[in-house]
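A.B. asks: coords please:
(one chain, ligands or ions: 1)
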Amino acid sequence: MPGLTIVWFRRDLRLHDHPALVEALREHERVVPLFVLDDALLEGRYRSPTRVAFMLGCLRDLDAALRERGSRLVVRHGRPEHVVRDLARDLGAAAVHWTSDVSPYARRRDRRVTEALAEDGVVARPHGGGYLRDPSKPRTKGGRPFTVFSPFHRHIAGLGGRTVHRAPASLPPLPRGLEPGAIPDDPREGVVPEPAVEAGEAAARRALERFLREPVDHYADRQDGMARVGTSVLSPYLRWGCLSARECEERALRKGGRGAAAWVRQLAWRDFYAHVLLLHPDVLDLEFQERYRRTLAWSGDEATLAAWREGRTGYPLVDAGMRQLARTGWMHNRARLVTGSFLTKDLHHDWRAGERHFAELLLDGEPAQNNGNWQWIASTGVDPAPAFRRMFNPTLQARKFDPEARYLRRWVPELERVPLDRVFEPWTMTEDEQRAAGCVIGRDYPGPIVDHAAERRVALERYRRASPDDAS
Ligand SMILES: Cc1cc2nc3c(=O)[nH]c(=O)nc-3n(C[C@H](O)[C@H](O)[C@H](O)COP(=O)(O)OP(=O)(O)OC[C@H]3O[C@@H](n4cnc5c(N)ncnc54)[C@H](O)[C@@H]3O)c2cc1C
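C.D. replies: Residues are numbered from 1 along each chain as shown. Alright, predicted model coming up:
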């Protein structure tokens, strides 16, 4: 079909392996790449200047890649159902292609855009491309959506993946007279000082190359180690679609080995939570486990919540994780687990308070993954296990996964000179030791704000009361 089409980019900010773009180019002579700055997302449920800055960096990179190929990114500001329809009308577009998304907001928005386009006879063409497999499809043998990860993973591994596409070598120019519009400047305030990764597809592809060259081989053994990062740190790129998860999977499997297999399995968690959110959108507001809906008693103590957010709990691993998040917009998965467990099981705060804080700061923050993981750690979500299994002792976790305390000292510099045999429990130092280490507890670094062993018992009791069958 000749004519003109629009490719509406959203969180698929790349040119490699982009099914919607491939299909648009196959079907039409002219293709106009569009991005809509949508206030509902920029200012949305969890406002995040850090993520907005990252997204704008990705848009600049996408525009550069489009220019290299003879096109440009068209940027408009407004409600997508107006902006996309108006542009399609002005250009006489036959269709608008995009990559499907799973969040309730995205699905409502896409329905509105589809209806608006239909009024003008323009065809809406959603495509896959955001996940390893189409997250709407998997069903158990009994025909139900999956709620447990391992069988879900086995199922999608058996489905086989779609073809991975190259980036187009060249693109048709924009129609004459079409004003591309400008990518705005980064927000001036509220952006983390040292973002963990550089924005955009070009940086993403370099990072993927680096990871696949060697670190992936050690992934199975180093994924939990905290002193040196043994994971890919590709999550911000996957979140913004600077990389296609399917291409990551394909390249890792082609490389082969135990590390690659473990990494691909981890990628499947992302599909799993997308599947869960797509089929159970009410998890954004409610516990997946009905027995925990409005039955768990949560703390309202603002002081302990602030101490957690600011990394002042007196538990070094919790504080290190929270400070890494505040400085870089990223946190190691092990630290996310420990800080999440500490908030919900030691401080007894509602998991939604943690979800919100993470959503405001994480470069990779997004509803499906953040909600799924917060509900996992709060023991309220899919993939259930008794509450006591997901209660982490922050001191033992630090000893096990950061035995030389390098991660702790990197993010909590007050502990720099605290000897190794005390650094996991700095409050056990004698007064002389504290003075010698330049770390006086209560002055330079807080004492523990709660007693883990005691709070563990309180948490077990809270969960038992909410659901008498669970924490036994
Ligand atoms: C409380 C909590 C909140 C979280 N919030 C988010 C979030 O908002 N966005 C997000 O992408 N991840 C979230 N995670 C999952 C996980 O911590 C990150 O995906 C991971 O740390 C990213 O680092 P990486 O890219 O080095 O991962 P790698 O270990 O290299 O894994 C590769 C990719 O697999 C995916 N992945 C890995 N682990 C998980 C997981 N548990 N759940 C879903 N996908 C996973 C990610 O896309 C990741 O980039 C959260 C985890 C916890 C415990």
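A.B. asks: what does the helix or strand hosting Val84 contact?
C.D. replies: If you go by DSSP states H and E, Val84 is part of helix 80-91. For helix 80-91, contacts defined as CB atoms under 8 Å, 6 or more residues apart in numbering pick out 4, 6, 8, 32, 34, 36, 38, 74, 76-77, 93, 96, 109, 112-113, 115-117, 119-120, 122, 175, 178. For every residue, glycine as well, the C-beta is placed using N, CA and C.
A.B. asks: restricted to strands, list these.
C.D. replies: Taking DSSP state E as the definition of strands, these contribute Leu4, Ile6, Trp8, Val32, Leu34, Val36, Val74, Arg76, His77, Val96.
A.B. asks: which PyMOL command selects the buried ones in the contacts of helix 80-91?
C.D. replies: Per 16 or more other CB atoms under 10 Å, the buried members of the contacts of helix 80-91 correspond to this PyMOL selection:
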select buried, resi 4+6+8+32+34+36+38+74+76+93+96+109+112+113+116+117+122
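A.B. asks: domains of the protein?
C.D. replies: Following automatic domain parsing, the chain resolves into domains at 4-129, 131-161+199-279, 290-465.
A.B. asks: tell me which residues of the helix holding Val84 are tucked away?
C.D. replies: Pro80, Glu81, Val83, Val84, Arg85, Leu87, Ala88, Leu91.
A.B. asks: for the residue nearest the centre of the chain, helix, strand, or coil?
C.D. replies: Nearest to the mean C-alpha position of the chain, by CA atoms, centre = their mean, lies Asp364 at 3.4 Å. Put simply, Asp364 is coil when judged by DSSP: H, G, I helix; E, B strand; the rest coil.
A.B. asks: test my guess that it contacts Leu243.
C.D. replies: No: taking contacts as CB atoms under 8 Å, Asp364 lies outside contact range of Leu243: 11.8 Å.
A.B. asks: can you give me the helices in the stretch 101-250 of the chain?
C.D. replies: Assigned by DSSP state H, counting those that start in this stretch, the stretch 101-250 of the chain shows helices spanning 104-119, 149-159, 201-213, 219-222, 235-240, 245-255.
A.B. asks: in the stretch 251-400 of the chain, what residue spans correspond to helices?
C.D. replies: 258-279, 302-310, 316-328, 333-341, 351-361, 367-377, 394-401.
A.B. asks: could you point out which element follows the shortest one?
C.D. replies: Put plainly, it is helix 394-401. Tracing the chain C-terminally past helix 394-401 and defining elements by DSSP H and E, one meets helix 406-411 next.
A.B. asks: wait, does that following helix contact the ligand?
C.D. replies: No: applying CB under 6 Å from any ligand atom, one finds helix 406-411 separated from the ligand by no less than 13.7 Å.
A.B. asks: and that helix, C-alpha only, in CSV?
C.D. replies: The C-alpha coordinates for helix 406-411 follow below in CSV (Å, rounded to 0.1, in the frame of the first residue of the first chain):
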residue,chain,number,x,y,z
ARG,A,406,32.9,-2.5,49.4
TYR,A,407,29.3,-1.7,48.4
LEU,A,408,28.5,-0.5,51.9
ARG,A,409,31.5,1.8,52.0
ARG,A,410,31.0,3.1,48.5
TRP,A,411,27.5,4.3,49.3
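A.B. asks: neighbouring contacts of that helix?
C.D. replies: Contacts for helix 406-411 (CB under 8 Å, 6+ apart): 226-228, 311, 316-317, 319-321, 323-324, 327, 332, 335, 398, 402, 415-416, 423-424.
A.B. asks: need the buried ones from those selected in PyMOL.
C.D. replies: With 16+ other CB under 10 Å as the criterion, this PyMOL line picks the buried residues out of the contacts of helix 406-411:
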select buried, resi 226+227+311+316+317+319+320+321+323+324+327+332+335+398+402+415+423+424
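A.B. asks: so which bits of the chain are right by the ligand?
C.D. replies: 223, 231-235, 238-239, 266-267, 269-270, 273, 333, 336-337, 340, 358, 362, 364-366, 369-370, 373-374, 377.
A.B. asks: show me which of these are buried.
C.D. replies: 223, 231-235, 238-239, 266-267, 269-270, 273, 336-337, 340, 358, 362, 364-366, 369-370, 373-374, 377.
A.B. asks: what's around the residue in the stretch 1-150 of the chain that the ligand sits nearest to, how many residues?
C.D. replies: Here the stretch 1-150 of the chain gets closest to the ligand at one residue, Phe149, 9.2 Å apart by CB to the nearest ligand atom. Close neighbours of Phe149, defined as other CB atoms under 10 Å, add up to 19.
A.B. asks: I'd say it and Phe272 touch.
C.D. replies: Yes: the pair Phe149 / Phe272 is scored as a contact, 5.2 Å apart, by CB under 8 Å.
A.B. asks: which residues are common contacts for these two?
C.D. replies: Val382, Asp383.
A.B. asks: tell me which helix or strand in this structure has the weakest average pLDDT.
C.D. replies: Using mean pLDDT, DSSP states H and E, the weakest-scoring helix or strand in the chain turns out to be helix 39-42, at a mean of 88.
A.B. asks: immediately after that one, which helix or strand?
C.D. replies: Past helix 39-42, the next helix or strand by DSSP H and E is helix 49-68.
A.B. asks: outside of that next one, which residues touch it?
C.D. replies: 9, 13-15, 33, 35, 42, 72-73, 75, 167, 171, 183-187, 189-192, 195, 198-203, 236, 240, 242, 329, 360-363, 365.
A.B. asks: picking up where we left off before, most widely separated two among the ones in strands among the contacts of helix 80-91?
C.D. replies: Maximum pairwise distance among the ones in strands among the contacts of helix 80-91 (CB to CB): 22.0 Å, between Leu4 and His77.
A.B. asks: give me the neighbour count for Arg465.
C.D. replies: Arg465, neighbours per other CB under 10 Å, totals 13.
A.B. asks: helix, strand, or coil at it?
C.D. replies: Of the three states, Arg465 takes helix under three-state DSSP.
A.B. asks: all further residue positions should be reported with the first residue as 50.
C.D. replies: In the new numbering, first residue 50, that becomes Arg514.
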